[in-house]
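**Student:** Mind looking at a prediction? Sequence and model below.
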Amino acid sequence: MEPVTQACPLDQELNPGPFSPQADALTTEHTGRMEVFQALQRLHMTIFSQCFSPCGKFLAAGNNYGQIAIFSLSAALSSEAKEESKKPIVTFQAHDGPVYSMVSTDRHLFSAGDGEVKAWLWAEILKKGCKELWCRQPPYRTSLEVPEINALLLVPKENSLILAGGDCQLHTMDLETGTFTRALRGHTDYIHCLALRDRNPEVLSGGEDGTVRLWDLRMAKEVQTIEVYKHEECSRPHNGRWIGCLATDSDWMVCGGGPALTLWHLRSSTPTTIFPMWAPQKHVTFYQDLILSAGQGPCVNQWQLSGELKAQVPGSSPGLLSLSLNQQPAAPECKVLTAAGNSCRVDVFTNLGYRAFSLSF
Amino acid sequence: MSSESSKKRKPKVIRSDGAPAEGKRNRSDPEQEGKYYSEEAEVDLRDPGRDYELYKYTCQELQRLMAEIQDLKSRGGKDAAVEIEDRRILSCVHFMTLKKLNRLAHIRLKKGRDQTHEAKQKVDAYHLQLQNLLYEVMHLQKEITKCLEFKSKHEEIDLVSVEEFYQEAPPDISKAEITMGDPHQQTLARLDWELEQRKRLAEQYRESLSNKEKILKEIEVKKEYLSSLQPRLNSIMQASLPVQEYLFMPFDQAHKQYETARHLPPPLYVLFVQATAYGQACDKTLSVAIEGSVDEAKALFKPHEESQDDESDSDAEEEQTTKRRRPTLGVQLDDKRKEMLKRHPLSVMLDLKCKDDSVLHLTFYYLMNLNIMTVKARVTTATELITPISAGDLLSPDSVLSCLYPGDHGKKTPNPANQYQFDKVGILTLRDYVLDLGHPYLWVQKLGGLHFPKEQPQPTVIADHSLSSSHMETTMKLLKTRVQSRLALHKQFASLEHGIVPVTSDCHYLFPAKVVSRLVKWVTIAHEDYVELHFTKDIVEAGLAGDTNLYYMALVERGTAKLQAAVVLNPGYSSIPPIFQLCLNWKGEKTNSNDDNIRAMESEVNVCYKELCGPRPGHQLLTNQLQRLCVLLDVYLETEIHDDSVEGPKEFPQEKMCLRLFRGPSRMKPFKYNHPQGFFSHR
């Protein structure tokens, strides 16, 4: 008995820490459990959305646990970048559910998840304990499940934000007043994606029902419907009808998903090019005279408009959900392409040829 | 004129020299002829001053005669020749005088020199004498200082002060009248007094010594008396035994155990004391016992005798071996290894009884040379268990306690010093010996109060010198949970192997009533096989597939769809959840890399495991996860879109109630089950 009773108070004197030795034994056991849990969480993380800051130096990424992480691109791209600079500078819990979509204005970052959209001030977002500026919920008809918001779209001309998702409607929110001004109905299943036409005040939406619908914002009504799955050239019934991605440039529109990735001429609503990609695509965008697309599979695909596959650049995730191009004139040194998806990593491409490195949650 | 001059010259000579001079000269001439060096004597007689006058006069005469001769020659008269002749003779005489004077001068010079030399020599002699005298003086001075500096031994003796001396010393020693004025006598007297005093003290010392001797002898006698008391007391104790037994008071037994405990090595002693204390205070189900031979342990404490024995033994052995043949190097090394891995003959047994009467037997050993503790574990159950094939490792002594604390595999020695000892005898790791020796888990060391520095600095502040008492409670609780969860798994595996997923009644609410998918296979697989599976790459890369885990393969079937699930079972189950990796064979192979919904299913069982734990302590987790997997497969198959181009009815008609089929950008299926209503929704 003696050695122990002597040494015990001595022990406590030596370590006036918050943990008693017994608590310490419990903590080691507890930390072991936490480590495994965190490793599993990271392993099953999906990054749904990403968005560059107006200054172009930061990248926000939202994952399926409702967290938004802010990465410093300028630090990660600088010549003395270390491993730590590829980790987020701030991570905060933004939503209860996944963060499906994010867009950014000059001052605000909008993030949308399950049924609500939140606004954050870029100026304060880097501070610890940042609170959202406001939180709005579109007028939903009561339902057992809160519909998610899959896509956000800024309409700069009328200073409004369009939200679309689970309730098959496009809700327009006036950013001045924060009120929902109108709802565009027409889709028969939930909406995956939105795209804005540059000249006419028209919005394109693609959804699970397999249609791409063209909406006139002034008249607030549907002007055109393209049922992609009905065109034999691009239909792929084993993959389903859904339209997962959409992009537009003047009279041209490219969309993909269950059906093959296809370039459409809008005025004549005919498919002009069908891109030979077996895997369903989840994101597509025009870039100069190329079309960039990503989806299932670890690659970013670059297409010529003629339908030729120009390059396939491998990334680090088994599947990609979003691509983002940083074209802010304020930060030319941070002009990069980022790709994120079914992993906790955001791949950064400094040129279109290869993956430079990955940012990681 | 010439005649005049000659006339004039003669008197002059006479005048100048004087008669005695002339006479002397005349006398000296014959003398000169007689003694060759008479001139030297002459020198002493002549006055150098007059010689100088003579010299001057002779020179003037010579000049005058020369001038007259010149005069006469220039006139050139007839009589001139005679007169010249006259004058020439005169001048010759003068020359003679000059020569004489010259010789004299030389002699004088020589004489002067000699005199100077002589004087100088004299001075030198005096100088030498002076030097000698000075040296002698110096030497004498040195001698004097040496004498003055001489140290007598008596100066080192610490004498009593003068006043004290005169006060204390008897007058026949102090002799004040003589010594007062004479310091020399005084010192002598003081020294006498000192000697006297010292003699007295020596006497006293001798007396004390004999006193001490006497006392020692007395002590000896008393000791003898005390030792004779012991057997008497023993016999009294012996006599009281029946009384103790009669009264059910096992003082003696406990006493015996404590007696044995005295021979335990320190770590085992700490463990024994702590475990006993904990058992008495907190946990009645814990029993502690000591096993092994006490005599052997006692023998360890007499290393001297033993070494002697050893020597003689080894000598004898050597003789024998030399007769036969020398042991090979390998045998020697083997012996050394055995010596190094030697256990202490005593061990501590802990029996931990769980609620269902199963018992965990822990035997703790102490490796003396490595200074670490090891443990062997054994589980006994109340009722005989039918061991399913896949449960082989669950209760094996090798793995039942693995990773009780995270990362504590018990395969490596916790004492960093051991590595060096191993190097010497060629042991690579302790791993090869743990089956025999028991596992040196870290918590075992802590229970024994042994603390070793960790290989890596710990991120959290950890109380050093972690001691037995601080770890006892936690460890005992963990041990109990571990045994219970292993036993629970053991039972579950038995039914899993028969394709039945046992769902207890308190977990029924987690699943719909009708589950069509069935578990058809549950087998254990090797770690290597798991690593080689193509769909487990992520888990291996994330470092979650260590070789201490247990690995299983489950197969869930519904119709033509076959779902393979590779399961990693952490030894820390059920606080650390099992990890599932899925591969669906249906219309092609689907894994998490090519199907988002497979990924979602994995995340449903792996990440959202907390809702599947069931009632505490969560032993139903694994079976609930498997049942959930069956439900997920049902949902997956029933909600799969039907390809219109293919003829015929759907293989899996939708029977589950779903609010929506797909949701979100990755088109998730409604995997979440809502209990009372019974419909499926998205998470």
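**Tutor:** Ah, there it is.
**Student:** Can you classify whichever residue of the stretch 1-150 of chain A sits closest to chain B as helix, strand or coil?
**Tutor:** The minimum distance from the stretch 1-150 of chain A to chain B, using C-beta to the nearest C-beta, falls at A:Gly32 (2.6 Å). Where C-beta positions appear, they are placed from N, C-alpha and C, glycine not excepted. Three-state call for A:Gly32 (DSSP: H, G, I helix; E, B strand; the rest coil): helix.
**Student:** How many residues are close by the closest residue to it other than its chain neighbours?
**Tutor:** Spatially, and ignoring its direct neighbours in sequence, A:Gly32 is nearest to B:Pro406 (2.6 Å; C-beta to C-beta, 6 or more residues apart in numbering or on different chains). Using other C-beta atoms under 10 Å in any protein chain shown, B:Pro406 has 19 other residues around it.
**Student:** what pLDDT does B:Pro406 get?
**Tutor:** We have a pLDDT of 74 for B:Pro406.
**Student:** Pretty sure the residue of the stretch 1-150 of chain A closest to chain B sits against B:Ile576.
**Tutor:** Yes. Assessed by C-beta atoms under 8 Å, A:Gly32 is found in contact with B:Ile576 at 6.9 Å.
**Student:** the more surrounded of those two?
**Tutor:** B:Ile576 (25 against 19).
**Student:** Chain A versus that one, what's the distance?
**Tutor:** 5 Å (C-beta to the nearest C-beta, to the nearest Å).
**Student:** Over to the residue nearest to that residue when sequence neighbours are not counted: give its phi and psi.
**Tutor:** Using C-beta to C-beta, 6+ apart and skipping the chain neighbours, the partner closest in space to B:Ile576 is B:Asn570 (4.1 Å). Main-chain dihedrals, B:Asn570, degrees, to the nearest 10: phi -70, psi 140.
**Student:** Repeat that for the one 3 residues further on.
**Tutor:** Phi and psi for B:Tyr573, reported as degrees, to the nearest 10, are phi -50, psi 140.
**Student:** Report the contact partners of it.
**Tutor:** B:485, B:489, B:621-622 (C-beta atoms under 8 Å, 6 or more residues apart in numbering or on different chains).
**Student:** Rebuild those as CSV, extending it with pLDDT and neighbour count.
**Tutor:** Shown next, in CSV, are the contacts of B:Tyr573 (pLDDT from 0 to 100; neighbours: other C-beta atoms under 10 Å in any protein chain shown):
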residue, pLDDT, neighbour count
B:Ser485, 85, 21
B:Leu489, 85, 25
B:Leu621, 88, 26
B:Leu622, 89, 27
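**Student:** can those go into a markdown table with extra columns for distance to chain A and secondary structure?
**Tutor:** Output for the contacts of B:Tyr573, formatted as a markdown table (distance: C-beta to the nearest C-beta, whole Å; DSSP: H, G, I helix; E, B strand; the rest coil):
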| residue | distance to chain A | secondary structure |
| --- | --- | --- |
| B:Ser485 | 14 | helix |
| B:Leu489 | 18 | helix |
| B:Leu621 | 13 | helix |
| B:Leu622 | 15 | helix |
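**Student:** from memory the residue nearest to A:Gly32 sits against B:Gly572, does it?
**Tutor:** Yes. Between B:Pro406 and B:Gly572 a contact is recorded at 6.7 Å, counting by C-beta under 8 Å.
**Student:** Between those two, which contacts overlap?
**Tutor:** A:32-33.
**Student:** Can you give me the neighbour number for B:Leu487?
**Tutor:** Considering only other C-beta under 10 Å, B:Leu487 is surrounded by 20 other residues.
**Student:** And the residue nearest to it when sequence neighbours are not counted, what's its pLDDT?
**Tutor:** Nearest residue to B:Leu487, sequence neighbours excluded (C-beta to C-beta, 6+ apart): B:Ser358, at 5.8 Å. Looking at B:Ser358, its pLDDT is 82.
**Student:** Spatially central residue for the chain, please.
**Tutor:** Reading this off chain A. For chain A, A:Ser49 is the residue whose C-alpha lies nearest the centre (C-alpha atoms, centre = their mean; 1.2 Å).
**Student:** look at chain B instead
**Tutor:** Most central in chain B (C-alpha atoms, centre = their mean) works out to B:Ala417, at 13.4 Å.
**Student:** Quick check, that residue in contact with B:Met340.
**Tutor:** No. Between B:Ala417 and B:Met340 no contact is recorded; they are 12.0 Å apart, counting by C-beta under 8 Å.
**Student:** which neighbours do the two share?
**Tutor:** Common neighbours of B:Ala417 and B:Met340 (C-beta under 8 Å, 6+ apart) do not exist.
**Student:** Doesn't B:Tyr269 lie inside a strand?
**Tutor:** No. B:Tyr269 is assigned helix when assessed by three-state DSSP, not a strand.
**Student:** Who are the contact partners of the residue nearest to it when sequence neighbours are not counted?
**Tutor:** Of all residues not flanking B:Tyr269 in the chain, B:Ala261 sits nearest, at 6.1 Å (C-beta to C-beta, 6+ apart). B:Ala261 makes contact with B:269, B:272-273, B:290, according to C-beta under 8 Å, 6+ apart.
**Student:** Of the residues you listed, which belong to helices?
**Tutor:** Using DSSP state H, the members of those that fall in helices are B:269, B:272-273.
**Student:** Highest neighbour count among those?
**Tutor:** B:Phe272 (25 neighbours).
**Student:** My read is that that one contacts B:His263, right?
**Tutor:** No. B:Phe272 is not in contact with B:His263 according to C-beta under 8 Å; the separation is 10.9 Å.
**Student:** Listing request: residues of the stretch 51-200 of chain A with sub-threshold pLDDT.
**Tutor:** Residue ranges of the stretch 51-200 of chain A with pLDDT under 70: A:142-143.
**Student:** quick revisit: neighbouring contacts of the helix or strand hosting the residue nearest to the centre of chain A?
**Tutor:** Per DSSP states H and E, A:Ser49 falls inside strand A:47-52. Residues outside strand A:47-52 that contact it (C-beta under 8 Å, 6+ apart): A:58-64, A:73, A:98-104, A:109, A:111, A:321-322, A:324, A:326, A:328, A:338, A:340-341, A:343-346, A:361, B:664-666.
**Student:** Stretch A:275-285 now?
**Tutor:** Against stretch A:275-285 from outside (C-beta under 8 Å, 6+ apart): A:239, A:244-247, A:254-258, A:260-263, A:291-297, A:301, A:303, A:307, A:309, A:319-323, A:325, A:341, B:665-666.
**Student:** Make a ChimeraX selection of whichever of these turn out to be buried.
**Tutor:** In ChimeraX, this line selects whichever of the contacts of stretch A:275-285 come out buried by 16 or more other C-beta atoms under 10 Å in any protein chain shown:
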select /A:239,244,245,246,247,254,255,256,257,258,260,261,262,263,291,292,293,294,295,296,297,301,303,319,320,321,322,323,341 /B:665,666
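**Student:** Let's see which of the contacts of stretch A:275-285 end up in strands.
**Tutor:** A:244-247, A:254-257, A:262-263, A:291-295, A:301, A:303, A:309, A:320-323, A:325, A:341 (DSSP state E).
**Student:** Tell me the bridge partners for A:Pro271.
**Tutor:** Residues in a beta bridge with A:Pro271, per DSSP bridges, are A:Trp264.
**Student:** Run through the residues that contact it.
**Tutor:** Here A:Pro271 is in contact with A:231, A:233-234, A:262-264 (C-beta under 8 Å, 6+ apart).
**Student:** For these, work out which two are farthest apart.
**Tutor:** A:His231 and A:Leu263 (12.2 Å; C-beta to C-beta).
**Student:** what are the ranges of the strands in chain B?
**Tutor:** Using DSSP E, strands in chain B cover B:286-291, B:347-353, B:359-367, B:372-380, B:518-525, B:550-558, B:561-569, B:579-585, B:589-590, B:657-658, B:672-673, B:679-681.
**Student:** Need those in JSON lines (columns: mean neighbour count and distance to A:Cys130).
**Tutor:** Output for the strands of chain B, formatted as JSON lines (neighbours: other C-beta atoms under 10 Å in any protein chain shown; distance: least, C-beta to C-beta, whole Å):
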{"stretch": "strand B:286-291", "mean neighbour count": "17", "distance to A:Cys130": "52"}
{"stretch": "strand B:347-353", "mean neighbour count": "21", "distance to A:Cys130": "51"}
{"stretch": "strand B:359-367", "mean neighbour count": "21", "distance to A:Cys130": "51"}
{"stretch": "strand B:372-380", "mean neighbour count": "22", "distance to A:Cys130": "51"}
{"stretch": "strand B:518-525", "mean neighbour count": "18", "distance to A:Cys130": "47"}
{"stretch": "strand B:550-558", "mean neighbour count": "21", "distance to A:Cys130": "44"}
{"stretch": "strand B:561-569", "mean neighbour count": "22", "distance to A:Cys130": "38"}
{"stretch": "strand B:579-585", "mean neighbour count": "22", "distance to A:Cys130": "34"}
{"stretch": "strand B:589-590", "mean neighbour count": "16", "distance to A:Cys130": "40"}
{"stretch": "strand B:657-658", "mean neighbour count": "15", "distance to A:Cys130": "37"}
{"stretch": "strand B:672-673", "mean neighbour count": "18", "distance to A:Cys130": "30"}
{"stretch": "strand B:679-681", "mean neighbour count": "19", "distance to A:Cys130": "31"}
